[in-house]
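Asker: Got a predicted model here, sequence first, then my questions.
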Amino acid sequence: MTFVIIFNSCPDLVTAKRIADALVDANLAACVHILPAGFSVYRWQGQIESAEEHLLSIKTHEDQYPKIETMIQKHHPYELPEIIAVPITSGLPDYLNWLHTEIQNDK
């Protein structure tokens, strides 16, 4: 089983919490860590923009990615939300077992 961390930036804590709750409630993610507001600088439609954002760190199985992408797009106000998955190449076996157990759809 391959695990991933999916990163998603949200414009505010309300949006971040709504997405995190939806993912965990649907058993798509075992854990979603909401990092405190940080400051992003980026180019959008030819202009340099900046915004305060909260970053989600979503721990899940790789095979849940398509459903998570759909869920984020459904609940996210951005026209083009950041959704990036990074593989977990190693981790504490007991923690990875916990991830696996929490993401089971038959709970």
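Answerer: Looks like it arrived, so ask away. Residues are numbered from 1 along each chain as shown.
Asker: quick one: contacts for Cys31?
Answerer: Val24, Ile58, Lys59, Leu99, Glu102 (Cβ atoms under 8 Å, 6 or more residues apart in numbering). Bear in mind the C-beta positions are built from the backbone N, C-alpha and C, glycine included.
Asker: who wins for neighbours among the residues you listed?
Answerer: Ile58 (26 neighbours; other Cβ atoms under 10 Å).
Asker: That one sits in which helix or strand?
Answerer: Secondary structure assignment for Ile58, by DSSP states H and E: strand 47-61.
Asker: Which residues belonging to the helix or strand just after that strand are considered buried?
Answerer: Counting by DSSP H and E, the next helix or strand C-terminal to strand 47-61 is helix 65-75. Within helix 65-75, the residues scored as buried using 16 or more other Cβ atoms under 10 Å are Tyr65, Ile68, Met71, Ile72, His75.
Asker: and what of stretch 29-43?
Answerer: Ala29, Ala30, Cys31, Val32, Ala37.
Asker: want to throw these into JSON lines with secondary structure, pLDDT and distance to Ile84?
Answerer: Below are the buried residues of stretch 29-43 laid out as JSON lines (DSSP: H, G, I helix; E, B strand; the rest coil; pLDDT from 0 to 100; distance: Cβ to Cβ, whole Å):
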{"residue": "Ala29", "secondary structure": "coil", "pLDDT": "96", "distance to Ile84": "15"}
{"residue": "Ala30", "secondary structure": "coil", "pLDDT": "96", "distance to Ile84": "18"}
{"residue": "Cys31", "secondary structure": "strand", "pLDDT": "96", "distance to Ile84": "17"}
{"residue": "Val32", "secondary structure": "strand", "pLDDT": "98", "distance to Ile84": "15"}
{"residue": "Ala37", "secondary structure": "coil", "pLDDT": "90", "distance to Ile84": "19"}
